[in-house]
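In: curious how this folds, go ahead:
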Amino acid sequence: MILIIDDDNAVRSSLLFMLKRAGYEAKAVPGPREAMDVVRAEAPGVILMDMNFSLSTSGDEGLTLLKQVKLFRSDVPVILMTAWGSIQLAVQGMRAGAFDFITKPWNNAALLQRIETALQLSPAAAEASGQKPPTLERSHIIGRSKGLTDVLDTVARIAPTNASVLVTGESGTGKELIAEAIHRNSRRAAQPFVKVNLGGISQSLFESEMFGHKKGAFTDAVADRTGRFELADKGTIFLDEIGDLDLSCQVKLLRVLQDQTFEVLGDSRPRKVDVRVVSATNADLRHMVAGHTFREDLFYRINLITIHLPALRERREDIPLLARHFADRQAEANGLPRTDFSADALQFLAGLPYPGNIRELKNLVERTILVSNKPLLDASDFEAQYMPREETGRPAAAFAGMTLNEIERQTILQALDSYKGNLSQVATALGISRAALYRRLEKYGIAVND
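Out: Below you'll find the model as predicted:
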């Protein structure tokens, strides 16, 4: 049963009609007292709750009711309803334990998806099914460590839902592979999977890239352009490096994620879109929220489920499997004989620190195979090709009088020199993505031949 709590009779009637038409049993009450009577007597599957009652706009009564509901039935997911202008109330509710939030007026299809997702992910549903997560089609995800197995179990459980997912972890841990696995194992698998590197999109081009534009919408708009969200309709959109998104763009992204509608530049007609959102970042978004560089309402919108990927140093038992996988792929791609590893080679690889994680291991294995050209590699072959992250050895006093930008520029120049201009190795050594490195090269006017 779905419980609706709203003091507006028109809203209650509309939601009851929509939910019963969709096949749900639903009950509606006008206020907190009646709501708690139902919550005590029954066990709702989901609660849809308005944040404002009577004529108050403070939301205090709604927050109090939410806390009472969560104290009495902590496992029941609560979806909050609020106006766009009062969205901060929803953020407070998310802090207090709400499952999700919507803004009024709502999109019926989007609301039904969120109700379905809440039901699918609720503890009661998991207990009732008594089933293990379905078998996961994992493709190029290699490893059997507990850390990775736990991640894949979560992917298998949440992939069939429409839940928004935030994938976190250090650079090079395989966040894109996890996003692809979520899509491949979802009900949207036959639909588009659209990857967007938000860190590589400038503020001025954000709306055009994400939402599209009509010919003549601005000076350089010589033809119509379809935006990424429209391309991803009915499928999944992967928002990589979301922590790099400018604040002014975050609110534009929030609107389309919230309402599943957008406007093409040069066309004021709103367009609907049905997408599942998977985001990724190597940044600490909670820290960014505290520092006011990432919107808290957007943070709650994208991380209904958070999946954290362990660093390679936290799953060392997977290193031999990964090394052999990369060697086999290298042989297949270049028509080379299969390369094997001696025991001391695998021991050497397993003991490295890998600040660049899986990407660093992949580069080391591929480079060593190509340079050594041997059927059996030993530790000395990898030692010859291993490029540890170098310490500059410069004392702190050497940076006296330099701005942070000057220090960053100097660090990039030193890395370019150390790795002879190889941007993949430079990005790995600096712990950033290639896209982030390109932005910094452009920012500091550093010309390279890649």
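In: can you show me the strands along the stretch 51-200 of the chain?
Out: For the stretch 51-200 of the chain, applying DSSP state E, counting those that start in this stretch gives strands covering 78-83, 100-104, 165-168, 193-197.
In: centre of the chain versus stretch 380-387, how much separation?
Out: From the chain centre to the centre of stretch 380-387 is a distance of 35 Å (C-alpha atoms, centre = their mean, to the nearest Å).
In: least confident secondary structure element in this protein?
Out: Across the helices and strands of the chain, mean pLDDT, DSSP states H and E gives its lowest value to helix 123-129, namely a mean of 58.
In: re earlier: do you know which of the strands of the stretch 51-200 of the chain lies nearest S342?
Out: Closest to S342 of the strands of the stretch 51-200 of the chain is strand 165-168 (C-beta to C-beta; 35.1 Å). The C-beta positions use only the backbone N, C-alpha and C, and glycine is treated the same way.
In: now the closest one: how far from the chain's centre is it?
Out: 3 Å.
In: and what of stretch 48-68?
Out: Chain-centre distance of stretch 48-68: 30 Å, with C-alpha atoms, centre = their mean.
In: buried residues of that stretch, list them for me.
Out: Within stretch 48-68, the residues scored as buried using 16 or more other C-beta atoms under 10 Å are L48, M49, D50, M51, N52, F53, G59, E61, G62, L63, L65, L66.
In: tell me which of those has the lowest pLDDT.
Out: Lowest pLDDT among the buried residues of stretch 48-68: G59, with 68.
In: okay, the closest residue to D318 other than its chain neighbours and G174: tell me how far apart.
Out: Closest residue to D318 apart from its sequence neighbours, by C-beta to C-beta, 6 or more residues apart in numbering: G143 at 3.5 Å. Using C-beta to C-beta, to the nearest Å, G143 is found at 9 Å from G174.
In: and if you look at L265?
Out: The gap separating L265 from G174 is 35 Å, by C-beta to C-beta.
In: what does P270 give?
Out: From P270 across to G174, the span is 37 Å (C-beta to C-beta).
In: mind checking which of those two has more residues around it?
Out: Per other C-beta atoms under 10 Å, whichever of P270 and G174 has more neighbours is G174, with 24 against 10.
In: who's in contact with the more buried one?
Out: I141, L309, N357, I358 (C-beta atoms under 8 Å, 6 or more residues apart in numbering).
In: could you do N197 as well?
Out: D240, E241, S433, A435 are the contacts of N197 under C-beta under 8 Å, 6+ apart.
In: could you pull up phi and psi at the first one?
Out: By that I understand D240. Per-residue torsions, D240: phi -80, psi 150 (degrees, to the nearest 10).
In: low-confidence stretches in the chain?
Out: Residue ranges of the chain with pLDDT under 70: 54-59, 84-85, 124-135, 139, 389-404, 450.
In: find the centremost residue of it, please.
Out: Centrality entry for the chain: nearest residue to the mean C-alpha point is S279, 2.0 Å, by C-alpha atoms, centre = their mean.
In: in the stretch 151-300 of the chain, which spans are helices?
Out: For the stretch 151-300 of the chain, the helices defined by DSSP state H, counting those that start in this stretch cover 175-184, 206-211, 228-231, 247-259, 285-290, 296-302.
In: centre of the chain to the third one, how far?
Out: For helix 228-231, the gap between its own C-alpha mean and the chain's C-alpha mean amounts to 17 Å (C-alpha atoms, centre = their mean).
In: cool, and the longest one?
Out: With C-alpha atoms, centre = their mean as the basis, the distance from the averaged C-alpha position of helix 247-259 to the chain average is 15 Å.
In: just checking, what packs against it?
Out: If you count contacts as 3 or more C-beta pairs under 8 Å, 6 or more residues apart in numbering; DSSP states H and E, helix 247-259 packs onto strand 100-104, helix 206-211, strand 261-262, helix 296-302.
In: V426 is nearest to which of these?
Out: Among those, helix 206-211 comes nearest to V426, with 25.8 Å by C-beta to C-beta.
In: just the CA atoms of that closest one, as CSV, please.
Out: Only the C-alpha atoms of helix 206-211 are listed here, as CSV (Å, rounded to 0.1, in the frame of the first residue of the first chain):
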residue,chain,number,x,y,z
PHE,A,206,27.1,23.0,-21.5
GLU,A,207,23.5,23.7,-22.5
SER,A,208,24.3,23.0,-26.2
GLU,A,209,26.1,19.8,-25.4
MET,A,210,23.6,18.4,-23.0
PHE,A,211,20.3,19.7,-24.3
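In: which strands and helices sit next to it?
Out: Counting contacts by 3+ C-beta pairs under 8 Å, 6+ apart, helix 206-211 packs against helix 228-231, helix 247-259.
In: most tightly surrounded among these?
Out: When you average the neighbours per residue for each of the helices and strands packed on helix 206-211 (mean count of other C-beta atoms under 10 Å), helix 228-231 leads with a mean of 20.
In: which residues are contacting that one?
Out: For helix 228-231, the surrounding residues in contact (C-beta under 8 Å, 6+ apart) are 192, 194, 196, 209-212, 237, 256, 262, 264, 271, 273, 275.
In: thank you, goodbye.
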